[in-house]
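> dropping a prediction and its sequence here:
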Amino acid sequence: MELDDYRDEAGDEGGFDDWVEDEDTTVVKCLFCDEKFNQAQSALVHAAKVHDFDLSVVRARWALDFYDCMKLLNFIRRQALSGPIASFSTLAITSKSHPLFQDESNLQPVLEGDALLFSFDDAEFEAPPIQGAYTTERAAEALQAMSLGDQPTDWRQRAIAAEERTRTLSTVVEELERRLKEQSELTRRLVSIDPLPSPPKRQRAEGTDDDSGSESGEDFPAPASAQQLRAAADGTQIVEDGYYFASYDSYTIHEEMIRDRVRTDSYRKFIQENPEIFAGKVVLDIGCGTGILSMFAAKAGAKHVYAVDMSNMIETAAEVAKANGLDSQITFVKGKAEHVVLPGVDKVDVIISEWMGYFLLYESMLDSVLAARDRWLAPGGQVVPRRAAIMLAACTVPDLIEERVDFWWDVYGFDMKPVRQTVLKQMTREPAVEFFRPEALISSTDCILDIDCNKVRVEQLEFASEFRLEITQEAECHGLLGYFDIAFHAAAETGEPLAATPVSFSTGPRTQRTHWKQTLFHLGAQRVPVRPGDVVTGKLTCKPNRANHRALDVSILYRFPNQPEFVIDYFMG
């Protein structure tokens, strides 16, 4: 195309100058926060300086190709829908083996016209035309050839370069659309693995004579969840569960859980040393992972075990059961616990699940257990573990303050106070999940949630609870420490038969460490001096995040002696 052609298309008044002006009005949103920039390069520099995400370094270190970069950027964008992300490290993406790079849905742009998706090499691109048949390798080579250097100064050269750039990007977009179409078709074919309808035919309304189900046996979609309905009403975008289940495809997360001796030995001991609960019973294992709890139950004499999991790890679990001669006793069912059909059984006697997350409720897996309980558990049956409680205490963490905050006062002679302020803001916004020493606790503990898994309702997991903590030593209070306790057996006051071998454990700092660690709700810049006998009161409110129901929004009202009360809102995502 010649320069005159560009003039003709632009009109007499415009020309190339207008085209340049339009390009300069591009608004590029930061991947991690709400900052906006006029150029993609500025957004990337900001991400490197403020959010510790240097795309060029990550790309080189992990040998990411064009499509890997697109998946990574879209994945980060999707996570940021739940709220600003202070640092790339909080996403726990440590290598190219992360499930996001195998998820083709991450090729779908989160923001329409996202300029960052075509800015991997710095700012503007220049590319040679792609001749002949399109291939992924050719597109990647062309896009990698785009660079910032040697911009042509001649208007004709710039116009030709712009045309070539447009042709290249259009070709890439066409390829992405083709891939997304293939992914949609694959998803459609796999729907049979996790059928959404429940029940498969429309139920007959109570008190009516006719069957209103489809004569052809057509399945009807499952009703929208309460969260989906609320989100639709206020326009909140829902973060889907695909990334969550995909994260459990990796063996590393299962290794961490099984290596947790407190966790695994507690399940083993309760199952094997309480045969009256499991022997001859039908057991449902929700979120079976590698199948270890199912095998414990089978060894304890269970009549049959149904092991349910949505991740691909279930295929390996079935092989493990076969290798141990338990495949005839365990049936593996891939799907969500809310929707699966258990072949040949209407009810189960026992439901076992390791559903607990950080601060007990993070990941919201208990919702699935309760849905399965209401659908499958027979009268007199039991959910294992039976009880869970969230505990809270005041704490002091001077080592953490010194290591992560005060470090920034002076760095090699430079004043780094602005970084220090950013760190404090991040600590105030995002609870820290770490191990803390027993001496970090400086008060009595208070139980803010106590649940019986046989009885609790899903809506009760969204709670607000007053707390009262009596200070036991003189110190600076830096925040509140949360952890949870688990009991596998029913409480004595229920009047139910007691387990032959009661089993319980705690995730607090005064007990053996677990992979759940403890959760610190930090006061940020506030450091409140307290003395023995002081009483700290307040109110903790916890609920699932509207956009991502597996994340938590926690709000804490603090009341310290001789201090005005204040509220801090936290996000566990």
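Looks like it arrived, so ask away. Numbering: from 1, shown residues only.

> so where is the stretch 401-550 of the chain shaky, pLDDT-wise?
Counting by pLDDT under 70, not a single residue of the stretch 401-550 of the chain qualifies.

> cool, and the stretch 151-300 of the chain?
Low-confidence segments of the stretch 151-300 of the chain, defined by pLDDT under 70: 151-251.

> hmm, residue 480 is touching residue 396, no?
No: contact criterion Cβ atoms under 8 Å: residue 480 and residue 396 do not qualify, at 11.1 Å. All C-beta spots, glycine's among them, are computed from the backbone N, C-alpha and C.

> neighbours of residue 349, how many?
For residue 349, the neighbour count with other Cβ atoms under 10 Å is 19.

> thought it was touching residue 378?
Yes: between residue 349 and residue 378 a contact is recorded at 5.8 Å, counting by Cβ under 8 Å.

> mind checking how far stretch 545-552 is from the chain centre?
Centroid separation for stretch 545-552 versus its chain: 9 Å, with Cα atoms, centre = their mean, to the nearest Å.

> just the CA coordinates for it, please, in PDB.
What follows is stretch 545-552, C-alpha atoms only, in PDB (Å, rounded to 0.1, in the frame of the first residue of the first chain):
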ATOM      1  CA  ASN A 545     -15.300 -12.800  47.800                       C
ATOM      2  CA  ARG A 546     -18.000 -11.900  45.300                       C
ATOM      3  CA  ALA A 547     -15.900 -12.400  42.200                       C
ATOM      4  CA  ASN A 548     -14.000 -15.400  43.400                       C
ATOM      5  CA  HIS A 549     -15.900 -17.500  45.900                       C
ATOM      6  CA  ARG A 550     -12.700 -19.500  46.900                       C
ATOM      7  CA  ALA A 551     -11.100 -16.300  48.200                       C
ATOM      8  CA  LEU A 552     -12.100 -14.600  51.400                       C
END
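
> and residue 268, that's in a helix?
Yes: counting by DSSP: H, G, I helix; E, B strand; the rest coil, residue 268 is found in a helix.

> OK, contacts around it?
Going by Cβ atoms under 8 Å, 6 or more residues apart in numbering, residue 268 touches residue 296.

> also residue 257?
Residue 257 sits next to 263, 264, 289, 354, 515 when contact means Cβ under 8 Å, 6+ apart.

> could you redo the last one with a cut-off of 10 Å?
248, 263, 264, 289, 290, 292, 354, 514, 515, 516 (Cβ atoms under 10 Å, 6 or more residues apart in numbering).

> quick one: low-confidence ranges for the stretch 1-150 of the chain?
Ranges of the stretch 1-150 of the chain meeting pLDDT under 70: 1-26, 119-150.

> output the contacts of residue 257 as a markdown table; include the columns neighbour count, distance to residue 309 and secondary structure.
A markdown table is the format used below for the contacts of residue 257 (neighbours: other Cβ atoms under 10 Å; distance: Cβ to Cβ, whole Å; DSSP: H, G, I helix; E, B strand; the rest coil):
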| residue | neighbour count | distance to residue 309 | secondary structure |
| --- | --- | --- | --- |
| 248 | 19 | 8 | coil |
| 263 | 20 | 17 | helix |
| 264 | 16 | 17 | helix |
| 289 | 22 | 6 | coil |
| 290 | 20 | 9 | coil |
| 292 | 19 | 12 | helix |
| 354 | 22 | 11 | coil |
| 514 | 22 | 22 | coil |
| 515 | 14 | 19 | coil |
| 516 | 21 | 20 | coil |
